[in-house]
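In: Only the shape, not the letters, is given here:
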């Protein structure tokens, strides 16, 4: 064998440099492939052992969690349960990983439970030390660990951590920031939404949807800050405030809403029109006529026609009929016809259908009058 | 003092140039794949980290979720259309409609749909924003359970025409265009819509997602419940190819905002922009790539700020050919489609006005997707010729081939490792080993075949003038009469008669790097 290696060595030594390079590269690549295969297989074994450990810990811990959650344990029994869980977690060398398994298990239970069980689970979360770990993770250098920690704390409703979380609502990292804003609304309710007062970074639509979903769980109450938010320089805050107005029936600040119908950002305009419609703010109809004339944006115009169908009376029916007859834009004609139908003005539609010579117009009226669509 | 040899003959010079081009090009390709691989791993991990705690419940309950029209063109799909539509209707999303376009099928596709979903014609006023073949009828269901299903029956006009007809009918702000025979993951739409909603400073115009191979996977009620490696070696090769292409290639291009192709099998588009661009081009074979390039070009020319995204999650499962002849026709068609698109947008080439698309993506596609197989085939022929003539060193040639083989195998194994640490779909150890073995054989059998198909595709495009679709008859994921419980996908028996320009909608996804 030794002689063989020596022979190969001398053989390689005698070769031209380019041969040497290619041979070395081939050997390196083949070794790399072999090493990668072994890494893949080892990774597979590692995963299997983690899964096995996860199953084992769950099997041992779950009955204790269920006992804590579903029975009214006294203080000493509760302490015993916590001790038992800690013993199980400490029973292997992988304490950190075991705590992660436990964390996910408690979060899973929390998502699927309510009432008293909720509170017991939250206590357990604190006592086991998971809350402390999450707080430590808030100071971790990796953004995803910080974001996950905030998410865990909000899911487990650790209200006492709100002030720490609020520090991150305008964080540089977008994911940390988003989680912190969501947690703030979840844990602190409408008061914690004050971060919107001076929020400079834009909020994504996704984030607005999340915050709105959380806000819809508030009990009905006037939100005083909506006024400043509607005047924010950050357009995404304005849009979000309009969504809040609409979904939480915030009727005050209607004057501000009227001004937003003329906003330079067409997305804001659209939302303002939708809000006007939802809040049945018929005093703004005159403004809607003006905006209709001022804008060229088809979506904004379509929204205005829809709002007129909801809010309007005889005058608006006349306007919609005018659009129906004179407009060449299919979406406008369709929306005008739909609005007339919503107003119960079938007479206008049928007379239009009888008098209108174009096939297109007739088709649109047929479409609108067909209740199956 | 150095003495220069000035006695080199013309043949020597030509051989040096040949060496330089062949070896230099190969090394360049290898390095570029390596760079793309590294970028992909970084972004796939970032994506996973970002989404470990994502709760889709917020958007599922939200009245503010943007509306989406799922568009599925169908041509002679009677074998699988009922199950596949059911799968589309059960997608988790709060605000969507499913538009199935029956593009003049000659089988019982429409009749089956009418019977199964209790359809009846309605007075639908179609807004012909894009010109299409005549729409005969628009159907809606009498059953309120299916009130978000719209079936459009139209004269045959090909896949692009069917997609355009659906755009004319759709009411959503976004369209998800899919192949009717694909199986979608339940959260597919939520995951594909997320990039549109989560970037406040970017105007996302399209996103694509990872398409995986469904052969031999177990399907229950229109959902993949068990992922398996295909039984047939040919499908295993394609599994590796798709993994490399989607997991390493497209994820990287997506993160660099350099994607030129959103697969026809799975892609969400901003509808308004698609219509402004004029919809799908009816005269092209590769309509998905063509539209993506045209949308990007339009946005740039109109000075619209935009990005095209890519979701690294496996979201869609499709059946791949298990016969060499069907695969040959498919690859031939993909080549023609890519050539056509690249040539029709040749203005982009190294044009700084188009930014990354003009300076990086387009030249990359041109050099490494279109020309690579041609250069490879040309190089092999010349190498054989030169070695027969004794003008090149045959032992170095063998070594170089060994290098390419080693690189390909190493790259494939690295892809499997990345799959293992990211999305981990193939859970059985034996299946993993099968893929490793396929990876060892693939460069010897499959790769030369793909090169051959690509060369014939170019030949057919330039010399035979073939610019139409062939027809592909599909058996589907289940044979008629079988229950879909626990069935396995078998690859489908497909006939590929290419007699004349028979329109078809059976587009496959194109796993180019």
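Out: Structure's in. What do you need? These numbers were taken from a predicted model, which means no experiment stands behind them.
In: so where's the chain uncertain?
Out: Using chain A here. A:92-93, A:356-359 (pLDDT under 70).
In: wait, I meant chain B there
Out: For chain B (pLDDT under 70), the answer is B:1-8, B:467-513.
In: biggest helix in it, by residue count?
Out: Taking DSSP state H as the criterion, chain B has its longest helix at helix B:10-51.
In: what about that helix and chain A, any contact?
Out: Yes. Using Cβ under 8 Å from any Cβ of the partner chain, we find that helix B:10-51 touches chain A at B:49, B:50. Using the backbone N, CA and C atoms, a C-beta is placed for each residue, glycine as well.
In: same for whatever helix or strand comes next after that helix, what does it pack against?
Out: Sequence-wise, the next helix or strand downstream of helix B:10-51 (DSSP states H and E) is helix B:57-60. For helix B:57-60, the helices and strands in contact under the criterion 3 or more Cβ pairs under 8 Å, 6 or more residues apart in numbering or on different chains; DSSP states H and E are helix A:205-215, helix B:188-198.
In: Make CSV out of those and add mean neighbour count.
Out: Below are these laid out as CSV (neighbours: other Cβ atoms under 10 Å in any protein chain shown):
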stretch, mean neighbour count
helix A:205-215, 22
helix B:188-198, 23
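In: I'd like those helices laid out as a markdown table, including distance to residue A:72.
Out: Listed next are the helices and strands packed on helix B:57-60 as a markdown table, based on distance: least, Cβ to Cβ, whole Å:
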| stretch | distance to residue A:72 |
| --- | --- |
| helix A:205-215 | 30 |
| helix B:188-198 | 39 |
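In: which ones are touching residue A:131?
Out: The contact partners of residue A:131, by Cβ atoms under 8 Å, 6 or more residues apart in numbering or on different chains, come to A:125, A:153, A:156, A:158, A:161.
In: Return the residues in contact with residue 169.
Out: No chain in the question, so chain A it is. Contacts of residue A:169 by Cβ under 8 Å, 6+ apart are A:177, A:180, A:181, A:184, A:195, A:199.
In: Chain B is the one I meant
Out: Counted by Cβ under 8 Å, 6+ apart, residue B:169 has contacts B:99, B:124, B:126, B:135, B:138, B:150, B:152.
In: which SS state does residue A:201 fall under?
Out: Under DSSP: H, G, I helix; E, B strand; the rest coil, the three-state class of residue A:201 is coil.
In: And for it, the neighbour number?
Out: 18 (other Cβ atoms under 10 Å in any protein chain shown).
In: That one against residue A:176, yeah?
Out: No. Between residue A:201 and residue A:176 there is no contact, the gap being 11.4 Å when judged by Cβ atoms under 8 Å.
In: The lengthiest helix in chain A vs chain B: in contact?
Out: Longest helix in chain A, counting residues (DSSP H): helix A:17-70. Yes. Helix A:17-70 reaches chain B (Cβ under 8 Å from any Cβ) through A:18-19, A:22-23, A:25-26, A:29-30, A:32-33, A:36-37, A:39-41, A:43-44, A:47.
In: Just the buried residues of those.
Out: Using 16 or more other Cβ atoms under 10 Å in any protein chain shown as the burial test, these include A:22, A:23, A:25, A:26, A:29, A:32, A:33, A:36, A:37, A:39, A:40, A:44 as buried.
In: tally of neighbours for residue 311?
Out: Just so you know, I chose chain A. Neighbours of residue A:311 (other Cβ under 10 Å): 20.
In: Hmm, no, I was thinking of chain B.
Out: Residues near residue B:311, counting by other Cβ under 10 Å: 23.
In: List phi and psi for it.
Out: Torsion angles at residue B:311 (phi, psi; degrees, to the nearest 10) stand at phi -100, psi 120.
In: how deep is the residue lying closest to it once chain neighbours are set aside tucked in, by neighbour count?
Out: Closest residue to residue B:311 apart from its sequence neighbours, by Cβ to Cβ, 6 or more residues apart in numbering or on different chains: residue B:209 at 4.5 Å. By the measure other Cβ under 10 Å, the count of residues near residue B:209 is 30.
In: Helix, strand, or coil at residue B:209?
Out: strand.
In: That one touches residue B:187, doesn't it?
Out: No. Counting by Cβ under 8 Å, residue B:209 stays clear of residue B:187, with 10.7 Å between them.
In: intersection of neighbour lists for those two?
Out: What both residue B:209 and residue B:187 touch, as defined by Cβ under 8 Å, 6+ apart, is the set residue B:315.
In: if we can go back for a sec, next step: the contacts of residue A:169 restricted to helices.
Out: Going by DSSP H, the helices hold A:177, A:180, A:181, A:184 from those.
In: Excluding chain neighbours, what is closest to the second one?
Out: Counting by Cβ to Cβ, 6+ apart, residue A:168 is the residue found nearest to residue A:180 once chain neighbours are left out, at 3.5 Å.
In: picking that back up, out of the contacts of residue A:131, which comes closest to chain B?
Out: Nearest to chain B among the contacts of residue A:131: residue A:153, at 11.4 Å, using Cβ to the nearest Cβ.
In: wait, what's in contact with the closest one?
Out: A:131, A:134, A:135, A:161, A:165, A:183, A:187.
In: closest to residue B:131 among the residues you listed?
Out: residue A:183 (51.6 Å; Cβ to Cβ).
In: What residues does the stretch 201-350 of chain A have near chain B?
Out: Counting by Cβ under 8 Å from any Cβ, the residues of the stretch 201-350 of chain A that sit close to chain B are A:202-210, A:212-214, A:236, A:243, A:247, A:330-331, A:334.
In: give me that answer again for 6 Å
Out: A:202, A:204, A:205, A:206, A:209, A:210, A:213, A:236, A:330 (Cβ under 6 Å from any Cβ of the partner chain).
In: contacting residues for the second one?
Out: Applying Cβ atoms under 6 Å, 6 or more residues apart in numbering or on different chains to residue A:204 gives the contacts B:198, B:200.
In: Please apply the same query to the fifth one.
Out: Taking Cβ under 6 Å, 6+ apart as the definition of contact, the neighbours of residue A:209 are B:58, B:59, B:62, B:64.
In: Name the nearest residue to it, ignoring sequence neighbours.
Out: Residue A:209 sits nearest to residue B:62 (Cβ to Cβ, 6+ apart), 4.7 Å away.
In: rewinding a little: I'd like to know which elements the longest helix of chain B is packed against.
Out: Applying 3 or more Cβ pairs under 6 Å, 6 or more residues apart in numbering or on different chains; DSSP states H and E, we find helix B:10-51 packed against helix B:251-255.
In: and the helix or strand following the helix it packs on with chain A, contact?
Out: Sequence-wise, the next helix or strand downstream of helix B:251-255 (DSSP H and E) is strand B:266-270. No. Using Cβ under 6 Å from any Cβ, strand B:266-270 stays clear of chain A, with a minimum separation of 12.7 Å.
In: could you say what helices and strands strand B:266-270 packs with?
Out: Counting contacts by 3+ Cβ pairs under 6 Å, 6+ apart, strand B:266-270 packs against strand B:174-178, strand B:204-213.
In: would you list the ones you listed in CSV and tack on distance to residue B:285?
Out: Shown next, in CSV, are the helices and strands packed on strand B:266-270 (distance: least, Cβ to Cβ, whole Å):
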stretch, distance to residue B:285
strand B:174-178, 16
strand B:204-213, 19
